[in-house]
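Engineer: following is a predicted model, sequence given first.
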Amino acid sequence: MWKENYQTWKEASLPVNLKKELKKMNDKELEDAFSQDLEFGTGGLRGVMGVGTNRMNEIVVKKITKGFGNYLINNNLKNGVAISHDNRNNSKEFAFTTAKVLAAMNIKVYIYPELRPTPMLSYAVRHFNTSGGIMITASHNPKEYNGYKVYNKEGGQLNLEESNLVIDEVSKVKDIFNINETNNDLIKWINVEEIDTLYLDKVKSITINPTTNNINLLYSPLHGTGGPIVSKLFKDNNINFYPYMPHMINDGNFPNTKSSNPEEHIAYEDIIKYAKTIKADIIALTDPDADRLGVAVLHNNEYEILNGNQLAIVTLYYLVSQKKQKNIDMNNGYVFMSNVTTDLIKKITDDFNLNLVETLSGFKFIADAITKMPKDSKYIFGCEESNGNIISDFVRDKDAIQAVFMFTEIASYLKTNNQTIIDYLNEIYNRYGFYLEKTVSYTFKGLEGKTKMSNLMAEFRNKPVDLPGTKIVSSEDTLIGEIKNYQLNKTTKSLLPKSNVIKYIYEDGSWVIARPSGTEPKLKIYFSVNESSLDLAKEKLQTNIDLVNNLINN
């Protein structure tokens with residue numbers, strides 16, 4: 001199959017850059033590039049840039065766009081499409097190519113002329129009342145990657161049903177080298193100054209306690225879209241911040257970062273050195289498309305990096321405790337979380353008498369669940385463990401601009417009360433229990449890697465993970481849609497949509513989850529434990545990680 005695909009591309013009239021690359025490739029590289037098509041995952045389509053059906057390039061972009069356009073036309077969705085892009089190499093070109101393909105199909109386009117964050121794409125969809133949206137980004141992936149996120153009319157990423165319909169339309173596009181493009185008056189360039197102001201006014205409205213100018217905040221956009229927006233937000237609100245200048249440069253090669261992922265500790269190494277010189281209270285990093293926030297906080301003269309679960313815990317507890325204190329109505333309030341997020345969210349929502357909705361991993365599931373809230377309900381918070389949340393649902397994808405603004409408020413409020421973020425986190429742990437989580441990713445590249453991941457998932461299903469000192473209580477396998485109670489030897493139906501995820505829950509409250517990433521060549525293993533002290537929780541967590549790590553390596 002790969003040889004047929006390669007031959008077709010070899011004989012086609014390709015752009016010069018792709019033609020040159022094709023001539024330099026050996027058989028192994030060709031097999032990897034042409035053996036399959038890029039697949040839609042939880043975050044859309046994402047892949048290494050280059051020539052081939054399994055790569056991100058102009059031909060693939062045009063094919064996907066043609067399929068998405070046909071989906072809109074066939075489903076009578078006539079209100080056009082909003083488009084934005086991040087700082088990555090080729091992002092701007094891919095975005096304009098997308099606009100021209102849609103315009104040739106007589107579909108109106110609203111496109112940002114400059115890079116703008118993913119949440120601002122979601123905002124544009126809702127503001128212009130379009131039938132869909134497209135964000136050209138590979139989020140936090142390395143510089144070799146780019147991607148294509150597709151949104152529905154609600155401003156959330158396509159749900160499973162919509163994704164399947166688009167995939168079906170994309171598969172029908174056969175003549176991929178002769179897709180029409182046109183630059184006509186159907187392409188409307190968004191007035192960024194106007195939309196920036198409207199969007200940032202919405203962000204400012206999440207304020208509970210106005211931020212005082214009492215903290216030093218060091219901010220990095222990791223070369224990405226957050227730079228101009230976060231800077232404007234802070235300046236407009238007189239927030240004392242230091243932009244980390246080496247990362248403020250818009251550059252798709254990420255020259256001054258060790259990682260473009262704020263979940264990884266190496267992303268903080270250089271910036272922490274600078275933070276010490278200015279005595280920053282908070283280090284805030286937004287990823288390249290500014291949908292994820294990472295933070296490191298000063299405590300006892302050292303910087304501690306919070307994980308996504310801890311960010312969610314601190315933010316949720318602050319929101320609900322402050323709203324209760326100020327008598328802000330939360331009656332019939334809803335909180336949303338993914339099924340790989342800390343159980344501490346459940347503890348907090350129970351304590352404040354809030355409704356909790358649990359979804360599959362991937363913020364599109366949370367966005368879809370938000371649209372199904374009862375009419376008399378109130379949105380409170382939505383989060384997932386991978387450093388993403390929405391504080392106000394005027395957008396329907398995770399929003400690091402909202403997140404950094406609220407986290408700055410929290411840090412300022414706590415400093416006024418002589419507390420650090422770590423003090424506050426410990427206060428929450430002491431109240432609800434010491435819950436600790438960690439996600440460990442194993443990378444498996446290429447076709448061989450895909451087979452290895454498939455084999456490992458089969459192993460997890462066939463041989464439940466035995467953790468020391470505890471017993472398995474239940475498992476949930478969303479691939480087959482079953483929940484198994486080991487104590488009663490009883491099986492019931494899972495309420496979650498079908499997905500390649502297996503979760504084991506244990507007598508001591510621990511759990512382990514295995515799932516292949518929907519957007520990267522990675523197998524992700526999620527761990528959670530809870531104990532009576534932080535030290536015991538850390539010890540148990542590491543023991544469980546070591547055990548599973550040995551299983552995978554063997």
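Structural biologist: Yep, that arrived. Numbering: from 1, shown residues only.

Engineer: ends of stretch 369-381, what's the gap?
Structural biologist: By C-alpha to C-alpha, to the nearest Å, the extent of stretch 369-381 from end to end equals 12 Å.

Engineer: buried set for it?
Structural biologist: 369-370, 373, 378-381 (16 or more other C-beta atoms under 10 Å). In short, each C-beta sits where N, CA and C put it, glycine included.

Engineer: export those residues to CSV and tack on distance to Pro228 and secondary structure?
Structural biologist: CSV is the format used below for the buried residues of stretch 369-381 (distance: C-beta to C-beta, whole Å; DSSP: H, G, I helix; E, B strand; the rest coil):
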residue, distance to Pro228, secondary structure
Ala369, 32, helix
Ile370, 28, helix
Met373, 33, coil
Lys378, 32, strand
Tyr379, 28, strand
Ile380, 30, strand
Phe381, 27, strand
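
Engineer: tell me how far the nearest residue to Pro262 once chain neighbours are set aside lies from Ser260.
Structural biologist: Closest residue to Pro262 apart from its sequence neighbours, by C-beta to C-beta, 6 or more residues apart in numbering: Gly294 at 2.6 Å. Distance, Gly294 to Ser260, by C-beta to C-beta, to the nearest Å: 11 Å.

Engineer: any residues in contact with both of the two?
Structural biologist: 267, 287 (C-beta atoms under 8 Å, 6 or more residues apart in numbering).

Engineer: any idea whether Thr53 is helix, strand or coil?
Structural biologist: coil (DSSP: H, G, I helix; E, B strand; the rest coil).

Engineer: how about it, nearest residue that isn't a chain neighbour?
Structural biologist: Closest to Thr53 by C-beta to C-beta, 6+ apart is Asp37, at 4.9 Å.

Engineer: now swap in Glu482 and tell me
Structural biologist: Thr491 is the one closest to Glu482 (C-beta to C-beta, 6+ apart), at 5.4 Å.

Engineer: in the buried residues of stretch 369-381, find the pair that's most separated.
Structural biologist: Ala369 and Lys378 (14.4 Å; C-beta to C-beta).

Engineer: which is the next helix or strand following the helix-or-strand element of the chain with minimal mean pLDDT?
Structural biologist: Least confident helix or strand of the chain, by mean pLDDT, DSSP states H and E, is strand 40-41 with a mean of 67. Once the chain leaves strand 40-41, the next helix or strand it forms, by DSSP states H and E, is strand 44-48.

Engineer: what's around Val335, how many residues?
Structural biologist: Look at Val335: counted by other C-beta atoms under 10 Å, it has 24 neighbours.

Engineer: and it, helix, strand or coil?
Structural biologist: strand.

Engineer: show me what it is bridged to.
Structural biologist: Leu356, Phe381 (DSSP bridges).

Engineer: check contacts around it.
Structural biologist: Val335 neighbours (C-beta under 8 Å, 6+ apart): 316, 345, 349, 354-357, 380-382.

Engineer: ok, of these, which come out buried?
Structural biologist: Looks like those have 316, 345, 349, 354, 357, 380-382 buried, using 16+ other C-beta under 10 Å.

Engineer: and these as TSV, adding distance to Asp508?
Structural biologist: TSV is the format used below for those (distance: C-beta to C-beta, whole Å):
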residue	distance to Asp508
Leu316	24
Ile345	19
Thr349	22
Leu354	26
Val357	26
Ile380	30
Phe381	28
Gly382	28
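
Engineer: reformat those residues as a markdown table; add pLDDT and distance to Phe405.
Structural biologist: Converted to a markdown table, the buried ones among the contacts of Val335 look like this (pLDDT from 0 to 100; distance: C-beta to C-beta, whole Å):
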| residue | pLDDT | distance to Phe405 |
| --- | --- | --- |
| Leu316 | 98 | 16 |
| Ile345 | 98 | 21 |
| Thr349 | 98 | 23 |
| Leu354 | 98 | 22 |
| Val357 | 97 | 24 |
| Ile380 | 98 | 17 |
| Phe381 | 98 | 14 |
| Gly382 | 98 | 16 |
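
Engineer: which two of those residues have the greatest separation?
Structural biologist: Leu316 and Val357 (13.7 Å).

Engineer: how about Thr207, nearest residue that isn't a chain neighbour?
Structural biologist: Glu409 is the one closest to Thr207 (C-beta to C-beta, 6+ apart), at 6.5 Å.

Engineer: which element is that neighbour on?
Structural biologist: helix 400-416.

Engineer: return the set of buried residues in that helix.
Structural biologist: 400-415.

Engineer: cool, stretch 543-550 as well?
Structural biologist: So for stretch 543-550, counting by 16+ other C-beta under 10 Å, buried means 544-545, 548.

Engineer: what do you get for stretch 196-205?
Structural biologist: Here stretch 196-205 shows 196, 199-200, 202-203 as buried, counting by 16+ other C-beta under 10 Å.

Engineer: what phi and what psi does the backbone show at the residue nearest to Glu482?
Structural biologist: Main-chain torsions, Thr491, degrees, to the nearest 10: phi -120, psi 130.

Engineer: what's the burial count for Ile328?
Structural biologist: Other residues close to Ile328 by other C-beta under 10 Å number 12.

Engineer: residue contacts, it?
Structural biologist: Contacts of Ile328 (C-beta under 8 Å, 6+ apart): 208, 322.

Engineer: just checking, Ser139 touches Gly147?
Structural biologist: Yes: using C-beta atoms under 8 Å, Ser139 is in contact with Gly147, at 7.0 Å.
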